[in-house]
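K.L.:
with the sequence up front, the predicted model follows.
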Amino acid sequence: MKTLRQDHARKVRDGIFFLVMGGLSSSFILLIVLLLIADITFTSFAEFRTALSKPEIQSAFKLTMASCTIAAIMSVWVATPLGYILSRYRFIGHRLIDTIVDIPIVLPPLVLGLSLLILFHQPFPFSNWTGKGFILDEFLRETLNFPVSLSWPAVILAQFTVSCAFAVRTMRVTFDQIDPRAENVARTLGCSRAEAFLRIALPQATRGMITAGTIAWARALGEFGPILVFAGSTRFRTEVLSTSVFLELSIGQLDAAVAVSLLMVAMAVIVLVILRAIGAGLNG
Amino acid sequence: MIEVQNLTVRQGSFTLPKVSFRVQRGQYAVLMGKSGTGKTTILEAICGLRKISGGSIRIDDVDVTHWSPPDRNTGYMPQDLALFPTLNVRENLEFALDIRWSSRRKKAEKVAFLANMLGLEHLLKRRVQGLSGGEAQRVALGRALSFEPSALLLDEPLSALDAITHSSSQKLLKDINRQTGVTVLHVTHNQDEADALADVCIRLPEINQSEL
């Protein structure tokens, strides 16, 4: 009969496994933690408070919260049907649409801002018969009395353009992971496609929608290039916290820039924790 | 009544050759064939979830070949059951009635009838995730029967059950057919099941795809 024997070498190999995996993982975590510690030690609480008491920073904080939230809601609103269509149906142009969705993700942010600026300020092709041509920004400002570029809607539009692309990706994966069979069975039970979507697919996608909203919100918070180009960085008008950091840096106010950065970190953490808690609550 | 004539389905490299059969109203028909002979494809074609490339399908003497699934009035129970995970047992049973805007009283009566027939009374408030194989199968059956379909299409309904549940469920299926008078088309590869249940047995020929 074979005598059982413990393999100590395997235990050592397991130890090495955890060491290597842990070592590689912790290098990234350490980097982020060190970045935050560096920020915190650079500034003092008094400086932090002084920076945050500035009315322009407070105004930027309010605009940031409002614009990020609106951009995130708009992103989920658009990404849910688009993600569903991309996940469930195969049609001519499917691959093209799939690629177009990714363009804001891969495009350099400044290029995106520039493209928005051109779209709003260049006369539309073949619109010259009216005289000077149709310019979208002029039409919105003069006819609808709703100025977009260099105003707060431009901030939201710039944030939405990028956020929505990430939200669509998330919603696509969400619907890919939901078995379409339940929707098919619902159709045999008498549902139209819309009813199957609303009653069966959508309730299963709520966690995905919260994740998409979270990602969209976080992306909107970090958006800088397109906002700077398309909305400008006018204090009390189009300044958001990411542009505040830039503005403070550009006038040599490093302390204020770091204070605003820390404020953004705190906002991001609070919002992510709240949204995760909502997601976990839905799951439970 | 279900009548399938010269039904052909093409799906990628799979081709279902011409199939024809007829199940009279109220009959219990068992559709038999080995794996890969297209049994599930035929059920999906009858309830409208699978596009067909030829032939015709008639339900209760009406040609429904080109109708969409909600109009065909067939109760379909897929092999994986596909219960609605965000709804509880009662809501799963009521689903088809909700879609039809049935009154609250009618829904309550129907759920009571189904729960009694299928032994689901104590489970009505439960989420479907926690159900055993036999319980989930009865919920799926109740959901498919709730709107009084013209035909009940069952895709290997007993395959995932243990021996004891298997025989009781087999009896239940036959009882449902007798009590409600619904036409049943039951897919299986189990000969004993077919012997016990079938008023009429339809055998699918083996397909040699290389010959197609």
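P.N.:
Good, I have the coordinates. Numbering: from 1, shown residues only, chains lettered A, B, ... in the order given.

K.L.:
around chain B, pick out the residues from the stretch 151-284 of chain A.
P.N.:
By Cβ under 8 Å from any Cβ of the partner chain, the part of the stretch 151-284 of chain A that sits against chain B consists of A:179, A:181-182, A:184-192, A:195, A:199-200, A:203-204. To be clear about C-beta, it is placed using only N, CA and C from the backbone, and glycine gets the same treatment.

K.L.:
ok, the residue nearest to A:Phe175 when sequence neighbours are not counted to B:Asn73 distance?
P.N.:
In this structure, A:Phe175 finds its nearest non-sequential neighbour in A:Ser87, 3.7 Å apart by Cβ to Cβ, 6 or more residues apart in numbering or on different chains. Distance of A:Ser87 to B:Asn73, computed by Cβ to Cβ, to the nearest Å: 29 Å.

K.L.:
who's more crowded, those two?
P.N.:
B:Asn73 (20 against 17; other Cβ atoms under 10 Å in any protein chain shown).

K.L.:
what residues are up against the more buried one?
P.N.:
B:Ile59, B:Phe147, B:Pro149, B:Ser150, B:Ala151 (Cβ atoms under 8 Å, 6 or more residues apart in numbering or on different chains).

K.L.:
swap in 7 Å and give it another go.
P.N.:
Residues near B:Asn73 by Cβ atoms under 7 Å, 6 or more residues apart in numbering or on different chains: B:Pro149, B:Ser150.

K.L.:
separation between it and A:Val258?
P.N.:
On the measure of Cβ to Cβ, B:Asn73 and A:Val258 end up 68 Å apart.

K.L.:
next one: A:Met264
P.N.:
The value you get for A:Met264 to A:Val258, if Cβ to Cβ is used, is 11 Å.

K.L.:
just the pLDDT for residue 125.
P.N.:
Let's take chain A. Each residue has a pLDDT score; the one for A:Pro125 is 76.

K.L.:
sorry, I should have been clearer: chain B.
P.N.:
94.

K.L.:
what does B:Ile207 give?
P.N.:
61.

K.L.:
if I read this right, B:Gln137 contacts B:Pro157, doesn't it?
P.N.:
Yes: between B:Gln137 and B:Pro157 there is a contact under Cβ atoms under 7 Å: 6.3 Å.

K.L.:
between A:Met264 and A:Val258, who's got more neighbours?
P.N.:
Just comparing A:Met264 and A:Val258: by other Cβ under 10 Å the higher neighbour count belongs to A:Val258, 22 against 19.

K.L.:
quick one: which helix or strand includes that one?
P.N.:
helix A:254-283 (DSSP states H and E).

K.L.:
report the buried residues of that helix.
P.N.:
A:255-264, A:267, A:271, A:275, A:279 (16 or more other Cβ atoms under 10 Å in any protein chain shown).

K.L.:
reformat those residues as JSON lines; add distance to B:Gln179 and pLDDT.
P.N.:
What follows is the buried residues of helix A:254-283, written out as JSON lines (distance: Cβ to Cβ, whole Å; pLDDT from 0 to 100):
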{"residue": "A:Asp255", "distance to B:Gln179": "81", "pLDDT": "85"}
{"residue": "A:Ala256", "distance to B:Gln179": "79", "pLDDT": "86"}
{"residue": "A:Ala257", "distance to B:Gln179": "77", "pLDDT": "90"}
{"residue": "A:Val258", "distance to B:Gln179": "76", "pLDDT": "90"}
{"residue": "A:Ala259", "distance to B:Gln179": "75", "pLDDT": "90"}
{"residue": "A:Val260", "distance to B:Gln179": "73", "pLDDT": "90"}
{"residue": "A:Ser261", "distance to B:Gln179": "71", "pLDDT": "91"}
{"residue": "A:Leu262", "distance to B:Gln179": "71", "pLDDT": "90"}
{"residue": "A:Leu263", "distance to B:Gln179": "69", "pLDDT": "90"}
{"residue": "A:Met264", "distance to B:Gln179": "67", "pLDDT": "91"}
{"residue": "A:Met267", "distance to B:Gln179": "63", "pLDDT": "89"}
{"residue": "A:Val271", "distance to B:Gln179": "57", "pLDDT": "85"}
{"residue": "A:Leu275", "distance to B:Gln179": "51", "pLDDT": "83"}
{"residue": "A:Gly279", "distance to B:Gln179": "45", "pLDDT": "76"}
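
K.L.:
can you list those residues in JSON lines and add distance to A:Pro81?
P.N.:
As requested, those are exported to JSON lines (distance: Cβ to Cβ, whole Å):
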{"residue": "A:Asp255", "distance to A:Pro81": "46"}
{"residue": "A:Ala256", "distance to A:Pro81": "42"}
{"residue": "A:Ala257", "distance to A:Pro81": "40"}
{"residue": "A:Val258", "distance to A:Pro81": "41"}
{"residue": "A:Ala259", "distance to A:Pro81": "41"}
{"residue": "A:Val260", "distance to A:Pro81": "36"}
{"residue": "A:Ser261", "distance to A:Pro81": "36"}
{"residue": "A:Leu262", "distance to A:Pro81": "38"}
{"residue": "A:Leu263", "distance to A:Pro81": "35"}
{"residue": "A:Met264", "distance to A:Pro81": "31"}
{"residue": "A:Met267", "distance to A:Pro81": "29"}
{"residue": "A:Val271", "distance to A:Pro81": "25"}
{"residue": "A:Leu275", "distance to A:Pro81": "21"}
{"residue": "A:Gly279", "distance to A:Pro81": "21"}
